[in-house]
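*Asks:* My questions concern the predicted model and sequence given below.
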Amino acid sequence: MKLADGRKGGSITRRLAALVFGAGAMAAAADSPALADPLEVKVGVLRMTHSRETVSILDIPAKDDFVAGAKMAMDDNNTTGKFLDQSFSLVDSVVGPDDDPLPALNDLLGEGVRFVIADLPADKLLGVADAARAKDVLVFNAGAPDDRLREEDCRANVFHLAPTRSMLADGLAQFLIWKQWKRWLLVVGSHPEDRLLGDAYRRAAKKFGAKIVEERPFKYEVGGRRADGGHEQIQQQIPTFTQNAPAYDVLMIADEGGLFGEYCANLQATRLNRANLAGANLGGVTLDQAWALDADLTGASLRGASLFATQLMGAKLDGADLSDARITGDLSRASMRRARLDRADLSADMRNQSMGLIRGVLRSAKLDGASFENANLSRAVLEFASLRDAILKGANLNGSELGGADFLRADVTNADFENADVTSTRLIGLRGRDKARNLDRVRNLDRALND
């Protein structure tokens with residue numbers, strides 16, 4: 001299962017579009033019949049304010065988001081324009097979400113602007129384009145992704161720099177099909193823009209041969225995002241939202257407003273049984289109390305993830321990166337060959353035993369070639385696990401359950417085995433055995449298989 005989040009993150013697209021405009025402005029200026037005289041080109045930026053509230057303060061866009069790209073484009077134009085005796089300047093105009101942009105357009109035209117970069121929704125963009133057409137002004141659409149602007153609502157004086165929803169959906173679909181992730185679970189938000197993006201995903205699925213196994217609407221009513229607890233209500237829906245879904249490879253999220261898609265990174269208590277997460281980047285994700293039986297996480301990154309009471313029995317984690325992860329779940333019978341668990345913490349939680357001893361369980365897991373360097377395996381269960389050629393340098397195995405495990409040729413340099421149970425454990429060909437700590441203070445050493 002992958003996450004494909006279709007949010008308004010048009011901020012990146014809009015910034016790139018503003019940069020692309022620079023080349024168009026120079027080309028248009030070069031067509032001027034008065035090339036012998038110095039040419040001054042005024043470019044207007046007509047943009048609508050966007051919400052700067054995000055789930056994380058790290059994602060808050062800069063105050064000059066979008067216009068910064070236009071300023072960079074002007075600097076680039078002036079660098080080369082000076083050789084042609086051309087100069088470019090920028091006039092910035094900001095309107096509110098409920099404001100009519102036409103007065104602002106007229107002010108720009110009054111200042112001699114003949115090129116307008118617009119970051120406006122479709123309806124307002126069309127109004128600006130129609131008003132600008134009478135004044136022989138070119139409008140560059142740098143924000144609206146609506147397909148209709150290039151079809152039934154096409155305007156001759158509008159150049160489109162922003163990709164449409166269909167373009168974005170088609171590009172994503174082609175990549176997913178190439179990766180053989182053909183089964184999609186589609187989640188569509190309640191805003192009109194979300195529904196348009198959902199339509200684009202449906203068309204892309206039909207065009208490129210994907211199958212939408214189920215479609216689910218995500219309903220929410222959010223007021224003052226942080227003030228009224230609306231986002232807390234959204235967060236509460238996420239854990240159970242994908243439960244009982246048919247088998248799927250990709251979770252497609254149509255959420256242009258960014259109101260719930262970001263919370264899907266928190267997969268607490270979700271059901272991911274048999275999900276395809278191969279190669280997924282789930283670094284730092286919360287999978288507490290989630291069920292992912294027989295899931296495919298081959299090569300996935302779970303670096304720093306939280307796996308409290310997570311059920312991953314029989315999962316495929318070959319080559320996965322679980323470095324620095326907190327793991328107190330059950331990975332019995334999991335295939336984790338060459339997985340990285342450096343500095344991972346699988347130790348028992350001795351502070352809270354109300355649910356029994358919560359700890360990492362790797363019973364009968366295939367851990368050949370896995371790396372546990374400096375990992376905390378205190379009281380963890382590795383009974384009957386295969387750890388051939390595994391790296392346990394500096395690992396803490398204090399009190400761990402190792403009965404029946406196979407440590408053939410494992411590197412145990414500086415590993416601490418104090419009080420570990422090694423009943424029927426195969427301790428043959430250990431590398432760094434002379435540097436291992438407390439190997440003589442294990443339980444049932446006389447029942448282990450030694451050199």
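*Replies:* Looks like it arrived, so ask away. Just so it is clear, the model here is predicted, and its values are computed rather than measured.
*Asks:* Tell me where the protein has strands.
*Replies:* Using DSSP state E, the strands of the chain run over 2-6, 39-48, 86-95, 115-119, 138-141, 158-160, 183-188, 211-217, 250-254, 306-307, 326-327, 426-427, 449-450.
*Asks:* Please tabulate those in JSON lines, including the columns mean pLDDT and distance to residue 407.
*Replies:* Heads up, the C-betas are built off the backbone N, CA and C, glycines and all. Below are the strands of the chain laid out as JSON lines (pLDDT from 0 to 100; distance: least, CB to CB, whole Å):
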{"stretch": "strand 2-6", "mean pLDDT": "52", "distance to residue 407": "36"}
{"stretch": "strand 39-48", "mean pLDDT": "91", "distance to residue 407": "63"}
{"stretch": "strand 86-95", "mean pLDDT": "91", "distance to residue 407": "66"}
{"stretch": "strand 115-119", "mean pLDDT": "94", "distance to residue 407": "61"}
{"stretch": "strand 138-141", "mean pLDDT": "95", "distance to residue 407": "64"}
{"stretch": "strand 158-160", "mean pLDDT": "95", "distance to residue 407": "62"}
{"stretch": "strand 183-188", "mean pLDDT": "92", "distance to residue 407": "40"}
{"stretch": "strand 211-217", "mean pLDDT": "94", "distance to residue 407": "43"}
{"stretch": "strand 250-254", "mean pLDDT": "89", "distance to residue 407": "39"}
{"stretch": "strand 306-307", "mean pLDDT": "92", "distance to residue 407": "24"}
{"stretch": "strand 326-327", "mean pLDDT": "95", "distance to residue 407": "20"}
{"stretch": "strand 426-427", "mean pLDDT": "96", "distance to residue 407": "5"}
{"stretch": "strand 449-450", "mean pLDDT": "92", "distance to residue 407": "9"}
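*Asks:* Just send those back as JSON lines, with mean neighbour count too.
*Replies:* Formatted as JSON lines, these follow (neighbours: other CB atoms under 10 Å):
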{"stretch": "strand 2-6", "mean neighbour count": "20"}
{"stretch": "strand 39-48", "mean neighbour count": "22"}
{"stretch": "strand 86-95", "mean neighbour count": "17"}
{"stretch": "strand 115-119", "mean neighbour count": "28"}
{"stretch": "strand 138-141", "mean neighbour count": "24"}
{"stretch": "strand 158-160", "mean neighbour count": "19"}
{"stretch": "strand 183-188", "mean neighbour count": "23"}
{"stretch": "strand 211-217", "mean neighbour count": "14"}
{"stretch": "strand 250-254", "mean neighbour count": "26"}
{"stretch": "strand 306-307", "mean neighbour count": "22"}
{"stretch": "strand 326-327", "mean neighbour count": "24"}
{"stretch": "strand 426-427", "mean neighbour count": "22"}
{"stretch": "strand 449-450", "mean neighbour count": "14"}
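*Asks:* Ok, which of those comes nearest residue 408?
*Replies:* Residue 408 lies closest to strand 426-427 among the strands of the chain, at 5.8 Å (CB to CB).
*Asks:* same for the closest one, what does it pack against?
*Replies:* Applying 3 or more CB pairs under 8 Å, 6 or more residues apart in numbering; DSSP states H and E, one finds that strand 426-427 contacts strand 449-450.
*Asks:* Run through the stretch 351-451 of the chain and note the low-pLDDT ranges.
*Replies:* 351-356 (pLDDT under 70).
*Asks:* okay, the strands of the chain in JSON lines with distance to residue 414 next?
*Replies:* Output for the strands of the chain, formatted as JSON lines (distance: least, CB to CB, whole Å):
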{"stretch": "strand 2-6", "distance to residue 414": "39"}
{"stretch": "strand 39-48", "distance to residue 414": "59"}
{"stretch": "strand 86-95", "distance to residue 414": "61"}
{"stretch": "strand 115-119", "distance to residue 414": "58"}
{"stretch": "strand 138-141", "distance to residue 414": "62"}
{"stretch": "strand 158-160", "distance to residue 414": "61"}
{"stretch": "strand 183-188", "distance to residue 414": "46"}
{"stretch": "strand 211-217", "distance to residue 414": "49"}
{"stretch": "strand 250-254", "distance to residue 414": "42"}
{"stretch": "strand 306-307", "distance to residue 414": "26"}
{"stretch": "strand 326-327", "distance to residue 414": "21"}
{"stretch": "strand 426-427", "distance to residue 414": "16"}
{"stretch": "strand 449-450", "distance to residue 414": "19"}
